[in-house]
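Visitor: here is the input, now give the coordinates:
(one chain, ligands or ions: 1)
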Amino acid sequence: MKLYSLKGAPNPRRVRIFLAEKRVSLPVEEFELEKGLHRQPDFLKRNPLGLLPVLELDDGRTICESVAICRHFDEMIPEPPLFGRSSRERVDVEMWSRHMEHELLVPMIDVFVHTHPLWAGKRAQIPAYGELRHGQMTERLRWIDEVLKDREFIAGDRYTIADITAQVAVLTGRAVARLEIPDDHTNLARWWKAVSTRPTARA
Ligand SMILES: N[C@@H](CCC(=O)N[C@@H](CS)C(=O)NCC(=O)O)C(=O)O
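Guide: Presented below is the predicted three-dimensional model:
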């Protein structure tokens, strides 16, 4: 089994954090955006979309999509239960996980791709769209600060995949999308301190 990852990229990072939480270690091959090998025919056999992460199983089959890879490991290693424990918890984790992906991580990546010089010449950039998404992100951070007013983690009182997705979104915001946590977002700042100091945060 082998994980194909991309240096500095948020989606592979959430899989690596998930695996570290599950105490799984496996061979990892890191691609680099600049080299573009993930867009070459050899890799496109593994994922025709040319995107990472990809998990290659021992029989040669591949699993693409970060959350599908995480689910694969969660099926094999139930502890800690990062997709929720009871049926009610699993529903909440699903809801917050999708919220964090669609309302935070994807728009954060849009800001990065549409406004950062790193992507110039690699992808079509529409700076006005990036700025629109940037404005939405300011609102979303306020929303999450409110959500965290009465709970420790995104989906409740336990660290889950919803936190991991939010964590890599905030990392992306700070690193490449000009989005810091505002000083008055005290709940979000408290959550960020808790998740970013976990031993797995640098996986
Ligand atoms: N929905 C996919 C998204 C995968 C994705 O967009 N990966 C980005 C890195 S965060 C990528 O491989 N980008 C390389 C490129 O666009 O060339 C997942 O969650 O795995």
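Visitor: buried residues, stretch 181-189. List them.
Guide: Neighbour counts using 16 or more other Cβ atoms under 10 Å place Ile181, His185, Asn187, Leu188 of stretch 181-189 among the buried residues. The C-beta positions use only the backbone N, C-alpha and C, and glycine is treated the same way.
Visitor: could you measure from the third one over to the ligand?
Guide: This points to Asn187. According to Cβ to the nearest ligand atom, to the nearest Å, Asn187 stands 27 Å off from the ligand.
Visitor: list the contacts of that residue.
Guide: Asp145, Glu146, Val147, Leu148, Lys149 (Cβ atoms under 8 Å, 6 or more residues apart in numbering).
Visitor: now for the last one, how many residues are close by?
Guide: What that stands for is Lys149. 9 (other Cβ atoms under 10 Å).
Visitor: what's the answer for the third one, then?
Guide: One way to gauge burial is a neighbour count; for Val147, by other Cβ under 10 Å, it gives 17.
Visitor: any idea of the mean pLDDT in the helix or strand it falls within?
Guide: Using DSSP states H and E, Val147 sits within helix 127-147. Helix 127-147 shows a mean pLDDT of 97.
Visitor: helix or strand right after that helix?
Guide: Per DSSP H and E, the first helix or strand lying C-terminal to helix 127-147 is helix 161-176.
Visitor: which parts of stretch 17-24 are buried?
Guide: So for stretch 17-24, counting by 16+ other Cβ under 10 Å, buried means Ile17, Phe18, Leu19, Ala20, Glu21, Lys22.
Visitor: before we move on, what about stretch 93-108?
Guide: Val93, Glu94, Trp96, Ser97, His99, Met100, Glu101, Glu103, Leu104, Leu105, Pro107, Met108.
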